[in-house]
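S.K.: Next one to model:
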Amino acid sequence: MNTAPSRSRLSGILITLAAAVVLFAGVQAASPVLGPLLLSVYLTLILGTLLHWFEKKGLSTRSALLLTLIIFFAIIAVFMVMIAGSFVQAMSDLPEYLEKLESSLELASPFLVSIGIDPAVLTFENLIQTFSAEIHGLISNLGEIASPLLMVFLTTLFLLFEAKGFSHKLQIIIGELRPGDIHRFIALAQKNVDYLVIRTGVNLVTGIGTAVILSLLGVKYAIFWGFLAFLLGFIPNIGFWIALIPPMLLAWFDLGPLHAFLVLAGCVLMDLLSEYLIFPRIAARGLELSPAVVFISLFFWGWILGGIGVLLAVPLTLCVQMVCELFDETRWIGFLLGPQPDKNGEKG
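M.R.: Here you go, the predicted model:
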C-alpha cells in the first residue's frame, strides 16, 4: 500500500545526496578561491558584530566603521610584528637548539639503531642543511602564501564596507522567495554568528592565558605560542594539543623535564578552564552538533578546502545544518548532524 510513497521518498533522498556530492566536488575544485573567501566572510561576521556594538554605544555608522577598521589594522600589524620578531629570534637561536637536538640524539642512539635509523646520518651538519633547505623553500614560497592572505585582507575590507547593505539585500531576497521563513533564517543565522563571536572570545582568553603561563615559566616566544593557541583553538578536540607540543618541547630543551611538565599542566588547566567553565556558561547549550560530527567535520572540510577548511570546520558544519533544517526534503540531514535526542525525541 505504501510502496509508491516510500519509493518517492527514497528517490528524493538519493537525488539530494547526489546533488550534495556534485556541490561539494565543485567546492573542492574551487577551494583556492572559496577558502580565502569563506575566511573573509568569517572575519567580516566578527568585525561586523564589533561595528554593530559600537553603533549601539551611540557612535555614528561612519565613526563605528572607522574605529572597527583601526582595530582590524592594529591587530594585523601586531600579529605581523610578533611573527616576524619571533621568526628572527628563532633563526638566531637555531644553531643552539640543533646542538641540543644532536646531543639528545646521541643519548638516544641505541634506540634509533634498534628501530633501523642510523644515528650517523643525524649529525649537526646534516641537520643544519635540512633546516636551511626547509627555510629556503619557505622563503621561496612566500609569494604563494602572501597572495591568499592579501586576498583575505582586501575581501574582508570590501565586505565590511558593504556589510549592512548586503545583509539588507539578503533579507529582501529571502522575504520574496520564502516569506514565511524570514524569522527562521534570521534566528538560525544569528546562532552561527553568536557561536563565531563566542568562540573567538574564548580562544582569546585561552591565548592570553597560555602566553602568561609560558612567560611565567620562562619559555621563549611565549606571545607567539599564545597566538598559536588562539588560532588553533578554532580546531576542536585536536587544535589545543597541536598548539601545546612546540612550547612543551622548547621548555624541555631550554629548562628541563620539570618545566616541560609544568607547561603541560598549566596549559591543560587553562584549556579546561576555557572549554568547560567559560565556554559553556557563555554559549548556554553550546554546539547543537553531534560530537562525532564535529570530529569528522575536521577531516571532511580539510579534504574539501585544505587548512582553511580545518580552521572553519565547525562554522561551516553549522551553516550546512542551518540550511538543511530550513527545507523539508533535507531536514533529516540537519537532525543527523545534531546532538543525541532525549527520550522525547527532542535534541539534547
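S.K.: For residue 155, which non-adjacent residue is spatially closest?
M.R.: Distances taken as Cβ to Cβ, 6 or more residues apart in numbering put residue 40 closest to residue 155, at 3.9 Å, once the chain neighbours are dropped. For glycine as for every other residue, the C-beta is placed from the backbone atoms N, C-alpha and C.
S.K.: Count the neighbours of the one you found for me.
M.R.: Around residue 40 there are 20 other residues, counting by other Cβ atoms under 10 Å.
S.K.: and it, that one's in a strand?
M.R.: No: assigned with DSSP: H, G, I helix; E, B strand; the rest coil, residue 40 falls outside any strand and is helix.
S.K.: so who does it touch?
M.R.: By Cβ atoms under 8 Å, 6 or more residues apart in numbering, the contact list for residue 40 reads 151-152, 155-156, 159.
S.K.: same check, this time on residue 298
M.R.: Taking Cβ under 8 Å, 6+ apart, we find residue 298 in contact with 235-238, 310, 313.
S.K.: Adding pLDDT, write these out as JSON lines.
M.R.: As requested, the contacts of residue 298 are exported to JSON lines (pLDDT from 0 to 100):
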{"residue": "235", "pLDDT": "77"}
{"residue": "236", "pLDDT": "71"}
{"residue": "237", "pLDDT": "68"}
{"residue": "238", "pLDDT": "77"}
{"residue": "310", "pLDDT": "80"}
{"residue": "313", "pLDDT": "82"}
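S.K.: Which of those are buried, as a ChimeraX select command?
M.R.: In ChimeraX syntax, the buried subset of those is picked out as below (16 or more other Cβ atoms under 10 Å):
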select :235,236,310,313
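S.K.: wait, which of the contacts of residue 298 is closest to residue 77?
M.R.: Closest approach between the contacts of residue 298 and residue 77, by Cβ to Cβ: residue 235, at 25.2 Å.
S.K.: Does the closest residue to that closest one other than its chain neighbours lie in a helix or a strand, and which?
M.R.: Nearest non-adjacent residue to residue 235, counting by Cβ to Cβ, 6+ apart: residue 310, 5.7 Å away. For residue 310, the element it lies in under DSSP states H and E is helix 307-311.
S.K.: how distant is that helix from the center of its chain?
M.R.: 6 Å (Cα atoms, centre = their mean, to the nearest Å).
S.K.: Could you do stretch 30-38 as well?
M.R.: Centroid separation for stretch 30-38 versus its chain: 15 Å, with Cα atoms, centre = their mean.
S.K.: Flag every buried residue along that stretch.
M.R.: Residues of stretch 30-38 classed as buried by neighbour count (16+ other Cβ under 10 Å): 31, 34-38.
S.K.: Filter these down to the ones in helices?
M.R.: Assigned to helices by DSSP state H, the following of these qualify: 31, 34-38.
S.K.: what about stretch 269-277, distance to the chain center?
M.R.: Computed by Cα atoms, centre = their mean, the separation of stretch 269-277 from the middle of its chain amounts to 18 Å.
S.K.: For residue 150, see how far away the residue positioned nearest the centre of the chain is.
M.R.: Closest to where the C-alpha atoms of the chain average out (Cα atoms, centre = their mean) is residue 311, at 2.7 Å. Relative to residue 150, residue 311 is positioned 18 Å away (Cβ to Cβ, to the nearest Å).
S.K.: And residue 299, by the same measure?
M.R.: Taken as Cβ to Cβ, the span from residue 299 to residue 150 is 29 Å.
S.K.: same thing with residue 303?
M.R.: To residue 150, residue 303 is 25 Å away according to Cβ to Cβ.
S.K.: List the contacts of the residue nearest to the centre of the chain.
M.R.: 39, 231, 234-235.
S.K.: Between those residues, which sits nearest residue 270?
M.R.: residue 231 (15.3 Å).
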